[in-house]
Structure formats: C-alpha cells, structure tokens
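K.L.:
3D model of this:
(chains A, B, C and D, ligands or ions: 4)
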Amino acid sequence: MRRVYFDHGVTTPLDPAVLEEMLPFLKEQFGNPSSFHWFGRPVRKAVEEAREKVAAAIGADPKEIVFTSGGTESVNIAIAGAVTANRNKGNHIITCTVEHHCSLNTCKGLARQGYEVTFVPVDSCGMVNVEQIASAITDRTILINIMHANNEVGTIQPVAEIGRLARERGIIFHTDACASFGKIPVNVEEMGADLLSVSAHKVYGPKGCGALYIRKGTRWSPVFHGGAQERLRRSGTENVPGIVGFGKAAEMAAAGLEEESARLKVLRDRVIRGVLGRFEHVQLTGHPEKRLPNHASFCFKFIEGESMLLSLDMQGVAASSGSACTAGSMEPSHVLTSMGISPVDAYGSLMVTLGKGNSEEEVDYFLETLEPIVKKLREMSPLCAF
Amino acid sequence: MRRVYFDHGVTTPLDPAVLEEMLPFLKEQFGNPSSFHWFGRPVRKAVEEAREKVAAAIGADPKEIVFTSGGTESVNIAIAGAVTANRNKGNHIITCTVEHHCSLNTCKGLARQGYEVTFVPVDSCGMVNVEQIASAITDRTILINIMHANNEVGTIQPVAEIGRLARERGIIFHTDACASFGKIPVNVEEMGADLLSVSAHKVYGPKGCGALYIRKGTRWSPVFHGGAQERLRRSGTENVPGIVGFGKAAEMAAAGLEEESARLKVLRDRVIRGVLGRFEHVQLTGHPEKRLPNHASFCFKFIEGESMLLSLDMQGVAASSGSACTAGSMEPSHVLTSMGISPVDAYGSLMVTLGKGNSEEEVDYFLETLEPIVKKLREMSPLCAF
Amino acid sequence: MYSEKVIEHFSNPRNVGEIPDADGVGEIGNQVCGDITKIFIKVEDNVIKDIKFKTFGCGAAIASGSMLTEMAKGKTIEEALQITNKHVADMLGGLPPQKMHCSNLAADALYKAIEDYKSRQAG
Amino acid sequence: MYSEKVIEHFSNPRNVGEIPDADGVGEIGNQVCGDITKIFIKVEDNVIKDIKFKTFGCGAAIASGSMLTEMAKGKTIEEALQITNKHVADMLGGLPPQKMHCSNLAADALYKAIEDYKSRQAG
Ligand SMILES: Cc1ncc(COP(=O)(O)O)c(C=O)c1O
Ligand SMILES: Cc1ncc(COP(=O)(O)O)c(C=O)c1O
Ligand code: FES
Ligand code: FES
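P.N.:
Ligands and ions are numbered 1, 2, ... in the order given. So this is what the prediction gives:
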C-alpha cells in the first residue's frame, strides 16, 4: 500500500544526516559530559557545539540555551521558572485560549495555585489581539505567554508586537515556538522573546530533546534540582545523542528554511485549493494568510474526525485531527471552539502538515482518496440532510 | 594508549544489542505513539512492550511505570508529586544526608518552601539507622525518601526495613534506585517501595530516559502539565527510541544480574585488596560488605582527587572522584563528610565502578598505574610528612 | 488499537441508511463525546424484520452500529432488548477501554427505537 | 579542558620539593576549594636563586606552581612581586574559568614566602 505522511506537525522522521551525527554518541562516545576524563571531554565538546548550532538557529547566544527533554518540558519550566522567580513582583499572567495543552494546562495549574491568569481570546482566525493583551496588563503582571504559531490551525501570532509591548512594560515574554521553528524564521531578537521553547522532534531531530532559550538577565529559577548540569539551569545527565542530533537538526532547519518553506507553501496551497474546490460544507480553519507554510487544516461538517482519519489511514494516508497528545480525548478541540467553531463542527477537523519529501503527487493522491471517504461518511451521518 | 573505563557508576556505554533495538525507532518507525494512524500504532506497541520489560525487571505492573527523561527527573517528580498530593495530610519529609544531589536538593528546596525536612544522619559506613528514621516519624510525616544504594560509596541501605516501617505508618516511601538497579536485585514488593526511580544510562541503556514506578493507589500528582501522555502522569511526546532502548537494557540487566554481579564482585575485591595492600594512608569508603558488587571507593590521604584522576586519565584510566554531576564543584563530597570524613581527606576520594567488559587484567593495569601516581602526588604534597 | 473485526465492520458497515416508513426510530447523543447514532426499525409479528442506522461518530461507533444491527435483525423485540453494549463489543473482538462508551451509542439507540415502536403501538 | 601547556607542566612539574634552609617560606590555603600550596625561596643579593613548591591541589594548582616557580627563578624580589595569577594563567595558555582561582594559590604563596623572607631580614 502506498504510504503518505501528512502529519509533520505532530512529529517528523529523523533526518538520516541527523542520525549519522548521533551514532558516534550512541556507540563509542558514551561518556558523561560532566566527566573529567577522556570519555567525557569529547562529549562535552559535542554538547557545546550543538548548543552553538541551536543558538545560531534562533539568533541567541549559546549561553542562553538550556537543553531539555522536549517541548513540553521547555514550556513547563519556562512558565513555572519565570513566575516562581518573579513572585515577589506580582502574580498575574497573560496567556491566550489557543495555547498548546502543555502551556494552557501549566497556566491553569498556576491559576489553581492562586496566580491570576488572564486568558485572552482569539478571533475566528485564531489570532490574538495585541491591544487586548496590552489592556490586560496590570502592575502585577509578571509573564506574557503567547505561542508563536498554533499547532492545530497554523495561525501565526503577532509575537514581535507582543514582545515589544512586554519589553516596554518590563514584563517577561515567553513564546512557544515548537510549531513554528523550522517552518518560519524564529529569531529571539526580532520577536523580543525573553524565553522561547523549541522541540527537536518537530524539525527532523530526535524525540526526547528540546531547548529553552533564556535571555541573559531574565529572572528565572530552575525547576529540576540536582547536579550542576546546564550551568545549574537543568539538572540531570544530558541526553547527549539527543542534544547532538538536535544541534544538527536545528542547523539544517535554519539553513534550508527559505527554500523548503517556499516549496511547502505551494503544496499547502494545493491541498487547500483542492479541498475547498472539491467539497462543500468544509471550511479552512486558522488564518488564510498568516499561517504556517506547511499547515492546512479544515472542518468538515457532518463528519466525525476519527472516522475520517481511520479511513485515510486505511488508504495509507497519515494525518490528524487536532493535537496528537489529545488523540485519545473525546472533547472537541479547545483551539477550534475558542475560534467560535461549534463543538459538532469541531469534531470534523482534519489537519494536514506537510514536510520534507512530500510531493505534489502525494497531495493529489490524498485529495483523490479523501473524496469518496467524505462522501461515504456523510451518507452515513444522521446530521447530513442532503 | 590503553583505555580502561572504570566509571560505570557515572554512565555506561550503550549495549550494542540495545542500540540494535533502538535503531528502527530512529529510522522508519518515527511515529508519535499518541497518533492514531499506521505511523503511530507500532510505536505505541513498542513503548508498551518496553514498559512491560521495565516493570518486569523491578517486579511491578506495567501500569505502574511512567517513563521520564532520566533519573534526575524521576527523583524530582517522585518527591514533588508525592508531597504536593499529600499536602493536606502533613508537611514532614524524612530523608538522609547522603542522597544524590537530585534528591537532596529537591528536599532542600521543599524545606525552603516551608516543608519540614528531617535529614537523618549516616554512620561511618554511610548507612542510615532504621530506628532513627522510625523515631523521626510524626503525625505530619508524608514521605520517607531514602536511596537504595549510594552512588559515591556504594553502601546499600536497609530499604526493605524502611519500606515496612513506612507501610505500617501509612507513609509514602520513595527510593532512588538509580545506582543499584542492574547491580543488585531491585524489587518493589520486597523493598516495600511506593515510588522508585531508575535511570537507563546506568544500565547500558540510552541517556535521556528513566522511569518512575508509582505503586497503584499511591497519592501522587504529576509535575508536568500538557498532553495526556503516560496516562496523564507525564506529559510530553515520548522519547520513543530511548524508551525502547531502556526496555531492552532493563530486560538484559535483570536477566544477567546474578552472573554479572558475581563476576564484578571478584574484580571489585581485587581492586579493594590491591589498593589497601599496596598503599598506606588509604581507606575504603562505604560499607565493607553491604556495598554494590561493582563499587570500590577510597580516600587517599594527602592527595587531591582531581590530580589523581588527571594522572590516571593520562594513562587511559577513567575513574571519578565522587558524583559526576559535581565534577566541577570545589566542595568536598557531602556524602563523605556526612560519614565523618574530614574535608581534607574527602578531597582525596577515588571511585572505581566496574562493569561489563572489565577484566582482571584491567584491574591489574589500574593498580600498577596508580602506584607511581600516588607516590608522585604525595611527594608533591605539603601535607605529607613522610 | 482496533481489532480486525472492528476495522472490517468500519470498512464495510452493514445496514447503513434510513427506513423511510420505520415502525420505530431512536436517536441518541453520547454524553461522553458528543457523537450521535440513529436507528430505524421495521417490526413484523414482534420480530425486527429490518434495521438500519446512521452515525456521526468514531470508528468504534460505526462498527458498533454495524454489528448491533446485524445482531438485532431477525430477533424478537424481547430478544433485542437483551443485547447490551458489552455483547456488541465482545462480538467486535473487544474495544479499547476508552472506546467502550462508543458501543453504548448503538445499543441505546436501539432501545430508544424499540421504545418508540412500543409507544406507537400503544398510541 | 586544560591546555596542553597545563598538561605538560602537570605531567612534569618543575621545582617540586622543599628547600630545607630556605630564606622564606609561604603557605596558603585556597578559600574557594580548600587546596594548599607551599613555596620555599632561597634569596641571594635580592635575587631568587632557588625556588621550590609543594601542592595539595588540582591539576591547575600543580601546573601553576610549576609555572610560577619557573617564572620567579632568577628574578629580583621586586620583579617577582610583579607576577600575578593572571600572568601565570596566561603563560599556561589559559585556565578554565572555574579554575582561575587555582593560579592564585601559587602567586599568593610566593608573596607570602617573600613576606617571610623580608620579615626574617628585618628581624
Ligand atoms: C505548539 C506546541 N507546543 C509544545 C509541544 C510539545 O512538544 P513535545 O512534543 O516535544 O513535548 C508541541 C508538540 O506537540 C506543540 O505543537
Ligand atoms: C543515586 C543516583 N540518583 C540519581 C541519579 C541521576 O540520574 P540521571 O543521571 O539519569 O539524571 C544518579 C546518577 O547520576 C545516581 O547515581
Ligand atoms: S468517541 Fe464518540 S462514539 Fe466513539
Ligand atoms: S580546585 Fe583547588 S586549587 Fe584548583
């Protein structure tokens, strides 16, 4: 059976060149980077080189990069570390309703602990309004936490404006760039980010590795206690192969960004035009222009997403219906409902995220495959009146 | 130059058989285990099989295993999760003075947050006294946190007795088994552990992966917020290759335990006899019998550890002087000073941790290499009167 | 995650559709997930002669609808009322734990259809 | 982590030992790490004719002792007092940041030895 992977927003294959870089550290170079002897030294060097690459990819200084176990950890410790370190300055956090669960649930957890959290709404394109954020700021605001691009609908937030606003008001700004990194330029200076989270497995790097950018001078406290690794900011023996792989993946992502984005945009638009042209009662979700170049997402009326996915899957097409980590959940997507989409329509969500190796021909195969599936499922649906 | 790796307590090489198991998940099997489609399903299966292997290796049910990013994370979330979930029952924690930094510093952090923490002392062999633990228990005690075996001096704590005590008094018992797992039997039933931490890279598994055992029914709250991974107990996209590798490594560790331990014990005793026989003014640190079968640790009077390590390193021998994560630290080991060793003697610590592939011949090479090093450094020492 | 039997019924669901002159119709929305199943029955001499379903639901819901309608066809009303979601799940070779509720949809829609049939008879 | 020069001096430290009839002796313990260096000088016509050191310290401390004694030998007291830990570190091809304090040991022990020499002269 033909197999088409259209789920790069959820995770990506490891690039063979990345694996190549990792292999020595899965074999003879097994030392602990904190070790002093010949088993440790070359490993320490490799970790520091990876740090330079990740730093370069986001316009940061290597000293500002802390390696973590992934995007979820980065986001968790970014937020928890910022509010803990600034508790004496205030207890108010501003975030938005369409954050990834790792961000949203961390903020909800803090709200339960007594922090005041403002969840700024989004418009029907999934976009926050910078003025709404500005007017939510109080004397007690210590953190603005707005993602760079949304993983479910691809909408790119006006982070540079938010960063400027935060800077002016002396508030820490964290942005979750897990979905955007490697797809659009991510630069901590241009974005005015004080904290920024990225994840390796979204950019053809290994699972189990991520990074947190911490701007020099940012008041932030570590969450993990332990050894003195990562200059005291993240304890625990380093995932050396993961870090080395992330370094390579970040370097490649940054180097190939412009060309690959342009290529993917063409494919993405072919998906969007194909879907909107072929089907009725379907809407593009997220912003029509300010969206990730590899991201196409839709709501199909009268159809439940899982049966659509399962049918596609049976034809070899891997896609998703919202965020992967809630694939088992029965709730309609909080992102879609925040955008004003009714729960019953939200169930019919389909997300196609393109990546390296995807071709026009695959897009056409996908469109041809989808057509009878939608037809059949709608015929089966008690909601469908036609 | 000849190379001898005597630092298995700090980290171990990845077993080639483990790498073999990981490779498919670093190549074509790249799916996200939460994904529903054909890229995700086989990956989910592999993660669940790894969970069964880790569970089997410690006598647990697979449902009781949560995968983490390593020993440090396991210990951190074990402790933080237990005290947070039981805050309404009390605020008292009992631990001991020779815990690994990831455990000790987490407890110190909780003490700063207002928890009451009793740091039970150890005797000159590094052993806690169960009666002292018993008498430290109050109505407000919610957690007893005592490591299984000590990483710096190899002493094995009476965890089964502590587990019984905790059970009788209805207190949660966490034990850090990072140093003991794969060297001596680790069984959650026999130890009466409610929470137990292990790390993959100490047992020929990959860096960046660990597990936390959470006994069914234990009141514990997750620390990371996010997706619904690990049955809501640890959010974040799973480090699939790491988990798969850990499964294999745990299986191998459990299978080969008895034989390998017996083999290592002979080597260890050769190291101990060799060192004590060859040098004056040297003491074995830790318990003479109740110690890890692969662990030999010493204090050499009049010598500073780093210069000993550096000299050994120049002859190709990798060993350490206390815990790796504090290799850069200037403080004498908290473990050794807790055992009543003076700071100046503690500086002369040397830790040899044996593993797979080490041979008698290597031990002899080490001893021969060490002899002139000690002589030379002592001659250079202003503390040495002879 | 789904058994072969589920996949088979999902791929080729039996008895999909509506019965325009049904003797009983039952529609139910799932409390857990918001999905919907609708069942149409045609009854003769207390026996379910024909049965059809429509579902706005997941793979398990579709397979359950298919399986349940196969099971109910030809049964008396009393026999049909004995069919539980557990039976449906078992006949499908099991359902993942978080999908057990999906089989409720079909069974409950059938009970509703029978109720509707009975109330029409009584009315 | 250490430069080749450090490793070289560590492996073959110059001027290790004691001078039994030293004109000045200085011993210093490091505030940061607890390590100790001791320096012996033999002075003739205000010139350091001989100098030896002993160290209970890390690799950097040993290399610094070796380097410093080489640098000080043959210098006048005044010249020797100009030697700073920074000079020693530079001559060693640099030291890792967390090891800069180690070079203090040697330089400070030398100052103390000179002080001792001077006080003996004065006494
Ligand atoms: C926007 C966003 N943030 C955070 C994450 C979490 O990253 P990870 O999967 O590495 O834990 C993801 C990926 O699922 C994401 O898309
Ligand atoms: C006893 C003990 N606990 C915890 C750890 C930390 O584990 P990891 O290195 O996987 O973070 C170690 C290893 O350094 C250890 O020896
Ligand atoms: S999830 Fe709704 S019917 Fe299965
Ligand atoms: S660490 Fe003490 S002298 Fe270098």
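K.L.:
mind listing the helices for chain C?
P.N.:
Assigned by DSSP state H, the helices in chain C fall at C:4-11, C:59-72, C:77-82, C:85-91, C:100-122.
K.L.:
ok, and does the last one reach over to ligand 3?
P.N.:
Yes. Using CB under 6 Å from any ligand atom, a contact is recorded between helix C:100-122 and ligand 3, made by C:102, C:105. (Each C-beta comes from the backbone N, C-alpha and C, glycine too.)
K.L.:
between that helix and helix C:59-72, how big is the angle?
P.N.:
Between helix C:100-122 and helix C:59-72, the angle comes out at 40 degrees (axes from the mean of the first three to the mean of the last three CA atoms, to 10 degrees).
K.L.:
quick check: angle from helix C:100-122 to helix C:4-11?
P.N.:
Using the same axes, to 10 degrees: helix C:100-122 against helix C:4-11 is 60 degrees.
K.L.:
go through helix C:100-122 and flag the buried ones.
P.N.:
C:101-110, C:112-114, C:116-117 (16 or more other CB atoms under 10 Å in any protein chain shown).
K.L.:
now the fourth one
P.N.:
Applying a neighbour-count criterion of 16+ other CB under 10 Å, one finds C:85, C:88-89, C:91 buried in helix C:85-91.
K.L.:
same check, this time on the first one
P.N.:
Within helix C:4-11, the residues that qualify as buried are C:6-10, counting by 16+ other CB under 10 Å.
K.L.:
reformat the helices of chain C as CSV; add mean pLDDT and distance to A:T237.
P.N.:
Putting the helices of chain C into CSV (pLDDT from 0 to 100; distance: least, CB to CB, whole Å) gives the following:
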stretch, mean pLDDT, distance to A:T237
helix C:4-11, 94, 43
helix C:59-72, 96, 42
helix C:77-82, 96, 59
helix C:85-91, 94, 45
helix C:100-122, 93, 41
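K.L.:
A helix includes A:A228, no?
P.N.:
No. A:A228: not assigned to a helix; according to DSSP: H, G, I helix; E, B strand; the rest coil it is coil.
K.L.:
for the buried residues of helix C:100-122, which one is nearest chain D?
P.N.:
C:H101 (58.8 Å; CB to the nearest CB).
K.L.:
burial count for the nearest residue to the closest one once chain neighbours are set aside?
P.N.:
In space, C:H101 comes closest to C:V32 once its chain neighbours are excluded; the distance is 4.6 Å by CB to CB, 6 or more residues apart in numbering or on different chains. C:V32 has 14 neighbours, counted by other CB atoms under 10 Å in any protein chain shown.
K.L.:
ramachandran angles for C:V32?
P.N.:
With angles defined as degrees, to the nearest 10, C:V32 sits at phi -70, psi -40.
K.L.:
okay, it: pLDDT?
P.N.:
Predicted confidence (pLDDT) for C:V32: 72.
K.L.:
and the one 3 residues further on, by the same measure?
P.N.:
At C:D35, the pLDDT value in this model is 87.
K.L.:
also within reach of ligand 4: list those from the buried residues of helix C:100-122.
P.N.:
Among these, not one lies near ligand 4 by CB under 6 Å from any ligand atom.
K.L.:
what residue is smack in the middle of chain C?
P.N.:
Among the residues of chain C, the one closest to the centroid is C:A106, at 3.3 Å (CA atoms, centre = their mean).
K.L.:
how close does it sit to B:W220?
P.N.:
Separation of C:A106 from B:W220 (CB to CB, to the nearest Å) stands at 38 Å.
K.L.:
before we move on, back to that, kindly reformat the buried residues of helix C:4-11 as TSV containing distance to A:Q157.
P.N.:
What follows is the buried residues of helix C:4-11, written out as TSV (distance: CB to CB, whole Å):
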residue	distance to A:Q157
C:V6	40
C:I7	40
C:E8	45
C:H9	43
C:F10	38
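K.L.:
so can I have TSV of those showing distance to ligand 4?
P.N.:
Listed next are the buried residues of helix C:4-11 as TSV, based on distance: CB to the nearest ligand atom, whole Å:
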residue	distance to ligand 4
C:V6	66
C:I7	65
C:E8	71
C:H9	71
C:F10	68
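K.L.:
and of the residues you listed, the nearest to chain D?
P.N.:
Using CB to the nearest CB, the buried residues of helix C:4-11 come closest to chain D at C:I7, 58.1 Å.
K.L.:
circling back: out of the buried residues of helix C:85-91, which comes closest to C:A22?
P.N.:
When these are compared for distance to C:A22 (CB to CB), C:V88 wins out at 20.6 Å.
K.L.:
part of a helix, is A:S311?
P.N.:
Yes. Secondary structure assignment places A:S311 in a helix (three-state DSSP).
K.L.:
can you pull the contacts of the closest residue to it other than its chain neighbours?
P.N.:
Leaving out its chain neighbours, the residue that sits closest to A:S311 by CB to CB, 6+ apart is A:I373, at 4.2 Å. When contacts are counted by CB atoms under 8 Å, 6 or more residues apart in numbering or on different chains, A:I373 touches A:308, A:311-312, A:315.
K.L.:
now C:G65
P.N.:
Taking CB under 8 Å, 6+ apart as the definition, contacts of C:G65 comprise C:13, C:15-16, C:37, C:39, C:53-55, C:57, C:105-106, C:109.
K.L.:
any chance of TSV for these, columns distance to A:A55?
P.N.:
TSV is the format used below for those (distance: CB to CB, whole Å):
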residue	distance to A:A55
C:P13	54
C:N15	61
C:V16	57
C:T37	54
C:I39	61
C:F53	58
C:K54	56
C:T55	52
C:G57	48
C:L105	52
C:A106	56
C:A109	58
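K.L.:
ok, the residues you listed vs A:R167, which is closest?
P.N.:
Within the contacts of C:G65, the smallest distance to A:R167 is 48.9 Å, found for C:G57 (CB to CB).
K.L.:
contacts only, for the closest one.
P.N.:
Going by CB under 8 Å, 6+ apart, C:G57 touches A:304, A:307, C:30, C:33, C:35-37, C:65, C:102, C:105.
K.L.:
distance check, it against chain D.
P.N.:
Distance from C:G57 to chain D, counting by CB to the nearest CB, to the nearest Å: 62 Å.
K.L.:
one more: A:E49?
P.N.:
Distance of A:E49 to chain D, given as CB to the nearest CB: 15 Å.
K.L.:
that residue - that's part of a helix, no?
P.N.:
Yes. If the criterion is three-state DSSP, then A:E49 is within a helix.
K.L.:
now do the same contact list for the closest residue to it other than its chain neighbours.
P.N.:
Closest residue to A:E49 apart from its sequence neighbours, by CB to CB, 6+ apart: A:G247 at 6.3 Å. With contact set as CB under 8 Å, 6+ apart, A:G247 has these partners: A:21, A:49-54.
K.L.:
check A:L143 too.
P.N.:
A:L143 neighbours (CB under 8 Å, 6+ apart): A:79, A:82-83, A:86, A:93-94, A:171-174.
K.L.:
same question for A:P33.
P.N.:
A:40, A:43-44, A:47, A:229, A:238, A:240 are the contacts of A:P33 under CB under 8 Å, 6+ apart.
K.L.:
got a pLDDT number for it?
P.N.:
89.
K.L.:
any low-confidence regions in the stretch 201-350 of chain A?
P.N.:
Counting by pLDDT under 70, the stretch 201-350 of chain A has low-confidence residues at A:323-330.
K.L.:
ok, the residue of it found nearest ligand 2 - contacts?
P.N.:
Residue nearest to ligand 2 within the stretch 201-350 of chain A: A:T237 (3.1 Å; CB to the nearest ligand atom). By CB under 8 Å, 6+ apart, A:T237 lies in contact with A:32, A:34, A:227, A:229, B:11, B:70-72, B:199, B:201, B:207, B:324-325.
K.L.:
excluding covalently adjacent residues, which one is nearest to the residue of chain A found nearest chain D?
P.N.:
Ranked by CB to the nearest CB, the top residue of chain A for proximity to chain D is A:R41, at 6.6 Å. What sits nearest to A:R41 in space, not counting adjacent residues and going by CB to CB, 6+ apart, is D:M1, at 6.6 Å.
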